[in-house]
Every structure is written in structure tokens, then in C-alpha cells.
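Student: Generate coordinates for the sequence data below:
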Amino acid sequence: MPRRSYNTIVTDSKFRVGLVQMACSPDPSENLAKAEWRIREAAGRGAQIICLQELFRSQYFCREENARLFDFAEPIPGSTTEALGRLAQELRAVVIAPIFERRSAGVYHNTAVVIDADGSLAGMYRKMHIPDDPLYFEKFYFTPGDLGFRSFDTRYARIAPLVCWDQWYPEAARLAALNGAEVIFYPTAIGWHPSEKDQYGAVQYDAWRTIQRSHAIANGLYVAAVNRVGFEGSPEQGLEFWGASFVADPFGQVLAETAHDREETLVVECDRKRIEEVRRNWPFLRDRRIDAYSPILNRLND
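Tutor: Got it, this is the predicted structure:
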């Protein structure tokens, strides 16, 4: 899909984002069909920029280390980007699609592609921070991203896709803001370990929600996080994905959010004037001491 430029000047300060919160089956074709239906639903409700959850074409396979699961990977461009490109063009909507990218034999990435409203590939972001935790064995599958932290101009807004584990890192959000992003999208696959939910579940979820709201506040922009729902895996070695997708405004106020336990499509209006208003009154970007931050490039300052 060749990239096409636009000469139209955006005069409306408002735009609408859509988040598709789904449960996934073991069948990639079924998941793609459901995602397409949900994208149509979001666009029908006025969404102009629509984001799918992390690795939406499959269940979250990183719960185990299994070389056969590399078969889920696909090239970019590929069948998924082509199908969603046609849909984006038809609906005149921007689509953010997280894909298990096969870059070459033995090199795979957890990648979010941005498809513009004309169906062209605006660009892609490869997940930079790769976790390795119980039932999140992502280092087995994914090579860390090598494209940096990127923002993309689309027909409706300038956006920055980051992916799941990236959402815990303030550096990533800051660079998105410095690159001019008006919205950070965090497609996600996060849930509770059944053995931990009773004791730690509430605080884990609160930490996840809080850190992303803090990125909105510290950078004066919108944050949109989209998670999956449902239980995947065995009762002993599975994950209960907690949903709760949400959009926060530039002062961290949650404008809307979904439930923990069901599929939903969220559509939220954003306003560039709110970014301007917040940044004028809380000028965190103005007051940064960029002359004093070089030690942050060290692993530790012993």
C-alpha cells in the first residue's frame, strides 16, 4: 500500500478515537473477522482513529515458549494490513493494528502498524520494551524494536503507538510528546494470574491505570489504552485479561472506560484545544531541564 500525502488542512479541533476490546479465539481468521466487524461498529459510531488490542489475531501465545507458535507471524505488508487497508479506505478511518511481524527467518517483532484513512500504510512501530515474566515470555518471541519511538501524521491527528510493556516507561511517553503526538495509543494484553488475583489483583490493575494516566498528565496529551478480555489457557497456567480499556484527557481525567469482563467498543471525542489549555497552565515541557538529564542514559548512576 503506497503512502499518499494529504494537502487538506485540519480545521476542526475535535476528533474521535475508538478502542476495540475483544476476547480472542484460537482461530486467527475468526479474530480478524471479529476485529473487522468491531471496526465497522466503531466507525459507525463516529470513530475516526480506531485501535485494536495487542496481538489481536491470536490468543496471547506468549504464555508458553513453543517454537511452533512462530507460525502465527506474518510479513508487513501482508494479508492483515491488506485486509485492514481496504477497510480503512472504505470507512475513511485510521486503523492501528498490532501484528506479530515476521521480518525474516528468526527475526520477529511485536509491531503496531498505522493505516491511514486512505488505506495507505502510514508507518509502523516495533515494541521497544520486551518483558520476560511468568506467563509473559515475550523475549522468546520478539526482537526488541529498532525503529525508535515514533509519531505519525494521519488524516485526523498526530498519533504515537506504543505497545503494552512500553506503557510503564515514562521515557517512551515523553519522546512521543516531544515528537508532537496528540494521542498515545497503548494496545495491550495484560491480565491477572489466577493464583494472584485475590491478593494482588486490585493493586495491579490500579498501578496499570495510574501509570498511564500519569503519562497523560506529565505530557499534556491524550492517552488511549485498549486491552483484551477473557480467560486464556489452563486453569492453573492461564491468564484472566482484565479489559478496562480507557481514554484519559491531557490532565489524566478518565473520559470513558470499559468493563473488566466483556467485549466492548469505546468511542471518545478528543479536543486539541484541551491539549493547549492544559499545557498553558501546567507547562511541564517548558520547564524541563534538558541540560541536566544526561545521566538518564546510564543504566544506574552508582
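Student: State which helix of the protein is the longest.
Tutor: Of all the elements of type helix in the chain, the one with the most residues (DSSP state H) is helix 197-219.
Student: for the record, mean pLDDT for that one?
Tutor: Per-residue pLDDT values over helix 197-219 give a mean of 97.
Student: do stretch 59-75 as well
Tutor: Averaging pLDDT along stretch 59-75 gives 97.
Student: In three-state terms, label E30 for me.
Tutor: Assigned by DSSP: H, G, I helix; E, B strand; the rest coil, the conformation of E30 is helix.
Student: Relative to R45, how far out is it?
Tutor: According to CB to CB, to the nearest Å, E30 stands 23 Å off from R45. Using the backbone N, CA and C atoms, a C-beta is placed for each residue, glycine as well.
Student: In a strand, T111, correct?
Tutor: Yes: counting by three-state DSSP, T111 falls inside a strand.
Student: In the stretch 151-300 of the chain, what residue spans correspond to helices?
Tutor: Per DSSP state H, counting those that start in this stretch, the stretch 151-300 of the chain carries helices over the ranges 170-178, 197-219, 272-281.
Student: And the longest one, what's buried?
Tutor: Neighbour-count burial for helix 197-219, counted by 16 or more other CB atoms under 10 Å, picks out 201, 204-205, 208-209, 211-213, 215-219.
Student: Output these as TSV; include the columns distance to A35.
Tutor: Shown next, in TSV, are the buried residues of helix 197-219 (distance: CB to CB, whole Å):
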residue	distance to A35
G201	27
Q204	27
Y205	24
W208	23
R209	24
I211	26
Q212	22
R213	26
H215	26
A216	26
I217	31
A218	31
N219	29
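Student: which of the residues you listed sit farthest apart?
Tutor: By the measure CB to CB, G201 and N219 form the most distant pair in the buried residues of helix 197-219, at 28.4 Å.
Student: quick one, phi/psi of A83?
Tutor: Dihedral pair for A83: phi -60, psi -50, per degrees, to the nearest 10.
Student: check contacts around it.
Tutor: L32, E36 (CB atoms under 8 Å, 6 or more residues apart in numbering).
Student: Repeat the analysis, applying 10 Å as the threshold.
Tutor: Residues in contact with A83, defined by CB atoms under 10 Å, 6 or more residues apart in numbering, are L32, A33, A35, E36, A97.
Student: mind checking the longest strand of the protein?
Tutor: Ordering each strand of the chain by length in residues (DSSP state E) puts strand 94-104 first.
Student: For stretch 27-39, which outside residues touch it?
Tutor: With contact meaning CB under 10 Å, 6+ apart, stretch 27-39 is reached by 18-25, 47, 50-53, 55-59, 71-72, 74, 79-80, 83-84, 86-88, 91, 93, 95, 97, 100, 263-265.
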